[in-house]
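Asks: Turn this into a structure:
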Amino acid sequence: MSDGQTDGRGRGIELSVVCPFYNEALIIEEAVSRLIARMRKLSCSWELIVVNDGSTDGSEAIVERLCDAEPRLWLLSYDVNRGRGYALRQGIRHARGEIIVTMEIDLSWGEDIVERLYREITAHPECDAVVASPNMTGGGYRNVPWRRVLVSRVGNLIIRACMTNAVTMNTGMTRAYRAAVVKRIPFEEDGKEFHLEVLLKMVTLGYRLREIPCVLEWKEYKLAGRRKKRKSSSRINKLIVSHSLFSLFANPIRYVWALGVGVLILALGFFCIGCVLFVQGRVSVYALMLSVLFGSMAMLFFTLGVITHQGHTIQRELWLLREQLGGANGRDRGVRVVNRAAL
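Replies: Numbering: from 1, shown residues only. Modelled structure (predicted):
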């Protein structure tokens, strides 16, 4: 599938849409059908790639039936659940379009989100990726529990402080990429940390990002039967920990030197207090000892800052080297490709 770059009629494919899913048998037929209906209105040539991340509820068979009726629909499938990041890496690897959009399969980021992302990235040739964000002016949340909204907003603020502030939405998958860029970058994360990894590496390698506002809505069929938790909500604590750790270790130079400056200011403050006490003939040794202690800590932070800066530079050079050699975003490892109508 990834060897050719045409839509079967000799035309180059302009847009690939990649949607992962896992155990979505209750909604998959309606969701894919609605998405195809939207995409049929596009004026560009396109393909839709849905990636079955090891579903066990019959979702795969439902999508296989849909492939019979739409030659531009592709199903990638494998038996073991590997995580959203692995599914997206497989979808990106097999995509043939010049622009690749990754998104939720149920259009929860807006009925017209594909068109808007594609229009934005094609209107700005200097841009390498476009991120849909409910956190910027003009965006928002609808039918999303307030706790999830709070976690999303606070989490993205923390990530922006610790890792990169290039965009306001770091944790969502709804984005558009230039295939020539995203296919060259080596990605490794299998879980939802993939979203952070993509942004970190794109920013580090000097690629340019844009954002568009959107409204994130939990569809009614996902809210039905409130006594049963939504799949992602049951793992929210795990996601908070994993995303926080990723952002903290991804770019420590952003806060190590800031901590060093803060501790140095404390050292200078205690030194000044000690000097004033000494001039006044009062006990100053404790203030001066604290000044020496905080000064030593500041030197330690600055040393760590130099080390992390050098490590960041080496890491960037390694990424550049791997990019030049060609990014490998996941090998097949038993991935099945289904498009019966096109074969």
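Asks: Next one: residue 272 relative to residue 110, how far apart?
Replies: 56 Å (C-beta to C-beta, to the nearest Å). For glycine as for every other residue, the C-beta is placed from the backbone atoms N, C-alpha and C.
Asks: between the two, which one's more packed in?
Replies: Each of residue 272 and residue 110 has its neighbours counted (other C-beta atoms under 10 Å); residue 110 has more, 21 against 12.
Asks: does residue 158 sit in a helix, a strand or a coil?
Replies: helix (DSSP: H, G, I helix; E, B strand; the rest coil).
Asks: Quickly find the element holding the residue positioned nearest the centre of the chain.
Replies: Centrality entry for the chain: nearest residue to the mean C-alpha point is residue 195, 1.6 Å, by C-alpha atoms, centre = their mean. Using DSSP states H and E, residue 195 maps to helix 194-204.
Asks: now that helix, how far from the centre of its chain.
Replies: With C-alpha atoms, centre = their mean, to the nearest Å as the basis, helix 194-204 stands 7 Å off its chain's centre.
Asks: ditto for stretch 108-119
Replies: Worked out by C-alpha atoms, centre = their mean, stretch 108-119 lies 17 Å from the chain centre.
Asks: now do the same end-to-end measure for it.
Replies: End-to-end distance of stretch 108-119 (C-alpha to C-alpha, to the nearest Å): 19 Å.
Asks: List the buried residues for it?
Replies: Within stretch 108-119, the residues that count as buried by 16 or more other C-beta atoms under 10 Å are 108, 109, 110, 113, 114, 115, 116, 117, 118.
Asks: What helices and strands are in contact with the helix holding residue 195?
Replies: When contacts are defined as 3 or more C-beta pairs under 8 Å, 6 or more residues apart in numbering; DSSP states H and E, helix 194-204 packs onto helix 84-94, strand 129-133, strand 209-213, helix 236-250, helix 285-325.
Asks: Lowest average pLDDT across those?
Replies: When the helices and strands packed on helix 194-204 are compared by mean pLDDT, helix 236-250 comes last with a mean of 62.
Asks: how many neighbours does residue 85 have?
Replies: Counted with other C-beta under 10 Å, residues neighbouring residue 85 total 25.
Asks: From residue 43, how far off is it?
Replies: According to C-beta to C-beta, residue 85 and residue 43 sit 32 Å apart.
Asks: worst-scoring helix or strand of the chain, pLDDT-wise?
Replies: Across the helices and strands of the chain, mean confidence by mean pLDDT, DSSP states H and E is lowest for helix 220-223: a mean of 54.
Asks: re the thing from before, now the angle between strand 209-213 and the helix holding residue 195, please.
Replies: Counting by axes from the mean of the first three to the mean of the last three C-alpha atoms, to 10 degrees, helix 194-204 lies at 130 degrees to strand 209-213.
Asks: model confidence over helix 194-204, on average?
Replies: Per-residue scores along helix 194-204 average to 90.
Asks: low-scoring stretches of the stretch 101-250 of the chain, by residue?
Replies: 220-250 (pLDDT under 70).
Asks: Pop the domain breakdown of this structure in here.
Replies: Domain ranges of the chain: 15-251, 253-325, per automatic domain parsing.
Asks: who wins for proximity to residue 335 among these?
Replies: Of all these, domain 15-251 sits nearest to residue 335, with 5.0 Å by C-beta to C-beta.
Asks: Dump the domains of the chain to a markdown table, plus distance to residue 338.
Replies: Converted to a markdown table, the domains of the chain look like this (distance: least, C-beta to C-beta, whole Å):
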| stretch | distance to residue 338 |
| --- | --- |
| domain 15-251 | 4 |
| domain 253-325 | 31 |
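Asks: and residue 334, which of these is closest to it?
Replies: Short answer: domain 15-251, nearest of the domains of the chain by C-beta to C-beta, at 5.2 Å.
Asks: so how far is residue 297 from residue 130?
Replies: Applying C-beta to C-beta to residue 130 and residue 297 gives a distance of 43 Å.
Asks: re earlier: and the helix holding residue 195 with helix 84-94, angle?
Replies: On the basis of the same axes, to 10 degrees, helix 194-204 is oriented at 60 degrees to helix 84-94.
Asks: Ramachandran angles for the residue nearest to residue 95 when sequence neighbours are not counted?
Replies: Distances taken as C-beta to C-beta, 6 or more residues apart in numbering place residue 16 nearest to residue 95, at 3.6 Å, with adjacent residues excluded. Main-chain dihedrals, residue 16, degrees, to the nearest 10: phi -120, psi 130.
Asks: What ranges does the stretch 51-200 of the chain have for its strands?
Replies: Using DSSP state E, counting those that start in this stretch, the strands of the stretch 51-200 of the chain run over residues 73-78, 99-102, 129-133, 140-142, 175-178.
Asks: partners of the third one, with directions?
Replies: Based on DSSP bridges, the pairing partners of strand 129-133 within the sheet are strand 175-178 (antiparallel), strand 209-213 (parallel).
Asks: now swap in the shortest one and tell me
Replies: According to DSSP bridges, the neighbouring strands of strand 140-142, each with its direction, are strand 215-217 (parallel).
Asks: Would you enumerate the residues in contact with residue 149?
Replies: Neighbouring residues of residue 149 by C-beta atoms under 8 Å, 6 or more residues apart in numbering: residue 141.
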